[in-house]
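Engineer: pasting the sequence and the predicted coordinates here, then a few questions.
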Amino acid sequence: MLYRSKAPLRIGLAGGGSDVSPYSDIYGGAILNATISLYAYANIEPLPEPKIILESLEREEYQEFPLLDELPVDGTLDLLKGVYNRIRKDYAPDFKGFRLSTHVDVPAGSGLGTSSTLAVAILGAFIKWFQLPLGSYDIAQYAYNIERQDLQMAGGKQDQYAATFGGVNYMEFYENNKVIVNPLRIDKPYLHELENNLLLYFTQTTHVSSDIIKEQQKNVMTHNTSSVEAMHKIKEQAQEMKEALLTGKINRIGEIFDEGFAYKKQMAKDVSNAFIDEIYREAKQAGATGGRISGAGGGGFMLFYCPDNKKFRVMKALERFGGHFYPYRFVKDGLFTWSI
């Protein structure tokens, strides 16, 4: 028997960064994001012998251990180990051994929530194997606890909830890990128009999001006025984005992106750089009305809003930068598990 799972990656549309503690604990956060047809996958194959095999297929990383109660977290395949260690500690499932293999449709550190989505997918495979009684909120919070507490990985809360729930969601974040996921019922023509006008562009660079997030957290704790005010504005944009989507003012989205890009660069110094700024200027000159960096910033994916079929001009203009565009569709389903 094989136990499989997949969880969708997400694009952030507004509010990014306001889900990160301590900002969300002090002021409350708001995010609007949407899951897309790019995924993280996990596969578990039970083994008859007492050993554990871990592998990341696209990164060509492999480790093998005897059947231990706790695997060493040493910088290699730590997400896989972290999920196993927590499941083993909390549920003590009875088994002889297993092979856990994973793969993700995009590179790590590219800004689409890869690590958190992978954590959710791995959890899903274990939940399917052992029939663990965890609902959607439980799974998302469990993945968050593993990343942020057990593995001490800096980051926010939106990615785990997006991957688990799926769809287009307006999310609210408060102290004591209170999260409210509000699914949005967007008219299909509006959603198709948004999908038609958005370009998902990979810069061929990646980033260490934890460094940017730690600076953002420091700015909140030290009451850096310009940074905190920028976060307030970005949070307000999540509400503006929700209204634009629900009322069909789709072209307003490019303007929100453009305003948000300026605010985001005030949150931490490494959010953007000369290379990203040049790409952004070129895209706007070619017809994009706005864009944003996906995730914490510093590299990875960018998202551009291109009305009136100007996306083809934008794609042509960005050829010289060496990146490439990823085709995608919005998807409404979150974590999905099955066995075969």
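Structural biologist: Yep, that arrived. Numbering: from 1, shown residues only.
Engineer: got the domain boundaries for the protein?
Structural biologist: Taking automatic domain parsing as the reference, the chain has its domains at 3-185, 188-325.
Engineer: which of the ones you listed is buried the deepest?
Structural biologist: Looking across those with neighbours counted as mean count of other C-beta atoms under 10 Å, the highest average goes to domain 3-185: a mean of 20. C-beta: built from backbone N, CA, C; applies to glycine.
Engineer: before we move on, the earlier item: now the domains of the chain in CSV, with mean pLDDT and distance to W338?
Structural biologist: Compiled in CSV, the domains of the chain are given as follows (pLDDT from 0 to 100; distance: least, C-beta to C-beta, whole Å):
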stretch, mean pLDDT, distance to W338
domain 3-185, 95, 6
domain 188-325, 90, 27
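Engineer: D333 is nearest to which of those domains?
Structural biologist: Relative to D333, the nearest member of these by C-beta to C-beta is domain 3-185, separated by 4.6 Å.
Engineer: start and end of that closest one, how far apart?
Structural biologist: For domain 3-185, the first and last residues are 32 Å from each other (C-alpha to C-alpha, to the nearest Å).
Engineer: now that domain, how far from the centre of its chain.
Structural biologist: For domain 3-185, the distance from its own C-alpha centre to the chain's C-alpha centre is 10 Å (C-alpha atoms, centre = their mean, to the nearest Å).
Engineer: likewise for stretch 292-300?
Structural biologist: In terms of C-alpha atoms, centre = their mean, the centre of stretch 292-300 is set 11 Å apart from its chain centre.
Engineer: quick revisit: quick one: closest of the domains of the chain to I340.
Structural biologist: For the domains of the chain, distance to I340 was read as C-beta to C-beta. The smallest value, 6.9 Å, belongs to domain 3-185.
Engineer: and the closest residue to A244 other than its chain neighbours, how far from T35?
Structural biologist: Of all residues not flanking A244 in the chain, R252 sits nearest, at 4.3 Å (C-beta to C-beta, 6 or more residues apart in numbering). Remark: distance between R252 and T35 (C-beta to C-beta, to the nearest Å) = 22 Å.
Engineer: which element is A7 on?
Structural biologist: Under DSSP states H and E, the secondary-structure element containing A7 is strand 3-14.
Engineer: what pairs with that strand, parallel or antiparallel?
Structural biologist: For strand 3-14, the pairing partners within the sheet under DSSP bridges are strand 29-47 (antiparallel), strand 336-339 (antiparallel).
Engineer: could you dump those strands to JSON lines with distance to P183?
Structural biologist: Formatted as JSON lines, these follow (distance: least, C-beta to C-beta, whole Å):
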{"stretch": "strand 29-47", "distance to P183": "11"}
{"stretch": "strand 336-339", "distance to P183": "17"}
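Engineer: can you tell which of those strands is closest to I234?
Structural biologist: Of the strands paired with strand 3-14, the one closest to I234 (C-beta to C-beta) turns out to be strand 29-47, at 9.0 Å.
Engineer: next structured bit after the strand holding A7?
Structural biologist: Next along the chain after strand 3-14, taking DSSP H and E as the criterion, comes helix 23-27.
Engineer: residues contacting that following helix, please?
Structural biologist: Residues lying outside helix 23-27 but in contact with it, judged by C-beta atoms under 8 Å, 6 or more residues apart in numbering, are 17-18, 29, 156-157, 173-176, 216-217, 220, 228, 231-232, 235.
Engineer: hmm, 7 Å instead?
Structural biologist: Surrounding helix 23-27, the residues in contact under the criterion C-beta atoms under 7 Å, 6 or more residues apart in numbering are S18, G29, F173, Y174, E175, V220, M231.
Engineer: pull the longest helix from this structure.
Structural biologist: Taking DSSP state H as the criterion, the chain has its longest helix at helix 225-247.
Engineer: go ahead and flag the most central residue of the protein.
Structural biologist: What sits nearest the mean C-alpha location of the chain, by C-alpha atoms, centre = their mean, is G113, with 2.0 Å.
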